[in-house]
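[1] Next input, structure requested:
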Amino acid sequence: MGFIAPTPTPTTAYDLIDKDYAKRIIGGFTPGSVGYNAQDTLIGDLISAASLVCAGDRSFQYQQYTEIRNGNSAINCFFVENPPIDANMAVQIWAGRNTDYEFDDDHLLTNHQDYEILHSQGKIEFHAKLSDGIQNYALKYYGGFQSGQIPQDLQKACAMIVADMYKFPDERKAGLLSKSKDGWTTSYTQDEIPPRALWILRKYWHNISA
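    Have a look, this model is predicted:
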């Protein structure tokens with residue numbers, strides 16, 4: 001039995017922080033005060049937009065992912081698109097397809113025999129060089145961050161972006177939600193990310209082999 005279709009990247013924002021955290025970083029909000037929740041709709045929108053900015057071209061949402069990859073005999077590893085890989089869930093890797101162009105059990109590799117997994121890095125290291133080919137490898141894994149396990153520095157970077165967005169004039173805030181991306185909208189560009197936040201985010205963005 002084989003499969004072909006990859007699991008799509010989520011089309012909704014995966015919020016990295018909650019409103020209370022954002023308000024602490026923005027400043028000027030007193031818990032329990034009459035106006036504490038007055039800006040919740042705006043702050044919620046900014047959190048979703050900032051979470052997309054933080055993710056870049058990957059996803060932080062925890063779920064099962066399937067990736068179809070090209071083999072390159074010059075290398076012996078893949079970095080998955082949405083690390084870390086959950087060490088408590090099974091990983092499946094296929095090398096090659098059958099005559100019906102499916103990834104079947106005959107092409108399923110075996111962990112430790114054919115490859116090793118560096119879960120936190122999201123890296124698959126093969127014991128031999130990869131076979132050259134177009135879309136001849138498939139990776140199936142659980143990746144991203146589960147609820148309550150989002151790294152503190154990633155949350156801090158998101159909160160800094162929210163605070164930066166919030167402090168724009170009202171007309172600029174409206175402009176933040178003007179361009180569509182994966183079901184959400186934002187016109188906030190990488191060039192506008194506060195330097196400290198960008199420094200944090202760069203370690204979560206990496207080049208993906210093949």
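[2] What strand or helix carries residue 36?
    Residue 36 belongs to no helix or strand when assigned by DSSP states H and E.
[3] what about it, distance to residue 50?
    20 Å (CB to CB, to the nearest Å). The C-beta positions use only the backbone N, C-alpha and C, and glycine is treated the same way.
[4] Please say which of the two ends up with more neighbours.
    Neighbour totals were compared for residue 36 and residue 50, and residue 50 leads with 30 against 14 (other CB atoms under 10 Å).
[5] Which element is encountered next along the chain beyond the helix or strand containing that one?
    Per DSSP H and E: residue 50 is located in helix 40-55. As assigned by DSSP H and E, the chain's next helix or strand after helix 40-55 is strand 63-71.
[6] Within its sheet, name the partner strands of that following strand and how each one runs.
    strand 133-143 (antiparallel) (DSSP bridges).
[7] Show the average pLDDT along the strand it pairs with.
    Computed over strand 133-143, the mean pLDDT rounds to 96.
[8] before we move on, what about stretch 195-210?
    For stretch 195-210, the per-residue pLDDT averages 77.
[9] same deal with stretch 166-181?
    56.
[10] domain assignment for this structure?
    19-59+150-201, 63-143 (automatic domain parsing).
[11] Where do the helices of the protein begin and end?
    Using DSSP state H, the helices of the chain run over 19-26, 40-55, 152-166, 170-176, 195-201.
[12] could I get these as TSV with distance to residue 71?
    Below are these laid out as TSV (distance: least, CB to CB, whole Å):
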stretch	distance to residue 71
helix 19-26	43
helix 40-55	27
helix 152-166	32
helix 170-176	41
helix 195-201	30
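[13] Tell me which of those sits nearest to residue 105.
    Closest of the helices of the chain to residue 105 is helix 40-55, at 33.9 Å (criterion: CB to CB).
[14] and the angle from that closest one to helix 152-166?
    Per axes from the mean of the first three to the mean of the last three CA atoms, to 10 degrees, the angle that helix 40-55 makes with helix 152-166 is 130 degrees.
[15] now helix 40-55, how far from the centre of its chain.
    15 Å (CA atoms, centre = their mean, to the nearest Å).
[16] What mean pLDDT does it get?
    88.
[17] pretty sure residue 192 is touching residue 164, no?
    Yes: proximity of residue 192 to residue 164 meets the contact threshold set by CB atoms under 8 Å, at 7.4 Å.
[18] quick one, which of these two is more surrounded?
    residue 164 (18 against 14).
[19] Does that one touch residue 194 like I think?
    Yes: with contacts counted by CB under 8 Å, residue 164 reaches residue 194, the gap being 5.3 Å.
[20] re the thing from before, could you list every helix and strand in contact with the helix holding residue 50?
    On a contact count with 3 or more CB pairs under 8 Å, 6 or more residues apart in numbering; DSSP states H and E, helix 40-55 meets helix 19-26, helix 152-166, helix 170-176, strand 184-185.
[21] which stretch among the ones you listed comes nearest residue 141?
    helix 152-166 (19.8 Å).
[22] got a list of contacts for the closest one?
    16-17, 21-22, 24-27, 42-43, 46-47, 49-51, 53-54, 60, 145, 173, 176, 188, 192-194, 196-198, 200-201, 204 (CB atoms under 8 Å, 6 or more residues apart in numbering).
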